[in-house]
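1. I would like the atomic coordinates for the input below:
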Amino acid sequence: MKVVNDLYDYEKFKIVQDSECFKFSLDSILLAEFVDNVDKSFSILDLCAGNAAVSLILSYYYTNKITAFEIQDKIYKMALESVALNKKESQITIVNDDVKNIKNYFPGNNFDVIIANPPYFKYKNSSITNKKSEKSIARHEIFLTLDELFQTVNYSIRNKGFFFLIHLSERLEEILYLCEKYKLVAKKIQFVYTKDDKNANIVLIKCVKNANNSLVVSPPLFLNNYCSYKNIFRK
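-> Below is the predicted model:
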């Protein structure tokens with residue numbers, strides 16, 4: 001069933017969701033909050049946009065033009081509704097297509113900032129996936145592998161452009177290998193913990209295209225210490 005919810009703690013912002021689809025989660029909030037140093041002139045690309053939660057949160061802080069890609073038609077339509085509901089049509093453009101087809105829409109080296117909240121889990125025929133296809137596609141690499149995501153970013157990003165990614169910490173080794181492969185230099189890593197006595201389950205990474213090596217590993221972020229995640233990295 002489709003509903004309209006508040007977009008977390010972002011005053012007056014609403015989002016359209018459906019109980020049968022993958023709803024926006026804390027990961028979307030963390031990724032949007034992790035994005036920093038966005039110049040007013042920068043163009044922004046949101047890959048694997050879902051129902052546009054990350055794009056909308058970014059529009060709460062910034063006035064930059066945002067282009068978002070979402071492959072699933074049903075979720076794309078909800079993203080359009082959410083953008084219209086918040087009167088952001090002049091700022092946010094949603095494209096209903098596979099991110100690997102971005103060459104059909106934009107030339108290479110076109111975006112200053114790219115953000116991605118991609119499917120987390122590798123897909124095999126034996127994988128246990130959700131019976132609802134919308135949720136399976138959002139969670140598993142059915143249409144987009146991690147390497148294909150990095151290929152897309154490598155094509156789309158400008159030299160010295162910024163790439164912000166959220167993913168499972170258990171896949172960090174693979175992510176750093178792909179960063180090196182595609183000349184996206186990891187500049188900041190943020191590990192996220194749901195509980196003080198548990199291993200990190202989420203990692204946020206900020207990369208810069210063709211940058212010098214100077215990696216910063218931020219202090220650990222323990223989510224149970226916060227009542228709100230709004231401005232969580234803006235201290």
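
2. all strands of the chain, in order?
-> 2-6, 14-18, 44-47, 66-69, 92-95, 111-116, 157-168, 184-193, 202-209, 216-217, 221-222 (DSSP state E).

3. for those strands, which one ends up most surrounded?
-> strand 44-47 (a mean of 27; mean count of other CB atoms under 10 Å). All C-beta atoms are positioned from the backbone trio N, CA, C, and that covers glycine.

4. Pull that one out as PDB, backbone CA atoms only.
-> Listed next in PDB are the C-alpha coordinates belonging to strand 44-47 (Å, rounded to 0.1, in the frame of the first residue of the first chain):
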ATOM      1  CA  ILE A  44      25.300  16.000  -8.600                       C
ATOM      2  CA  LEU A  45      24.500  12.500  -9.800                       C
ATOM      3  CA  ASP A  46      22.500  10.100  -7.500                       C
ATOM      4  CA  LEU A  47      22.900   6.500  -8.600                       C
END
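
5. Which residues outside that strand are in contact with it?
-> Strand 44-47 has contacts (CB atoms under 8 Å, 6 or more residues apart in numbering) with 38, 52, 54-55, 58, 62, 64-69, 99, 110-116, 118, 149, 152-153, 156.

6. Out of the strands of the chain, which gets nearest to residue 81?
-> Nearest to residue 81 among the strands of the chain is strand 14-18 (4.3 Å), distances taken as CB to CB.

7. ranges for the helices of the chain?
-> Secondary structure of the chain (DSSP state H): helices located at 26-34, 53-61, 73-85, 133-139, 146-156, 172-181.

8. Where among these is average confidence lowest?
-> Mean pLDDT per stretch puts helix 133-139 lowest among the helices of the chain, at a mean of 57.

9. Out of the strands of the chain, which gets nearest to residue 230?
-> Minimum separation from residue 230 across the strands of the chain (CB to CB) falls at strand 2-6, 12.0 Å.

10. Specify the angle between that closest one and helix 73-85 in degrees.
-> Angle between the axes of strand 2-6 and helix 73-85 is 40 degrees (criterion: axes from the mean of the first three to the mean of the last three CA atoms, to 10 degrees).

11. what about the closest residue to residue 228 other than its chain neighbours, how many neighbours?
-> The shortest distance from residue 228 to any non-neighbouring residue, by CB to CB, 6 or more residues apart in numbering, is to residue 9 (5.3 Å). Residues contacting residue 9 under the criterion other CB atoms under 10 Å number 13.

12. same check, this time on residue 37
-> Neighbours of residue 37 under the rule other CB under 10 Å: 8.

13. Go through the helices of the chain and pick out the most buried.
-> helix 53-61 (a mean of 24).
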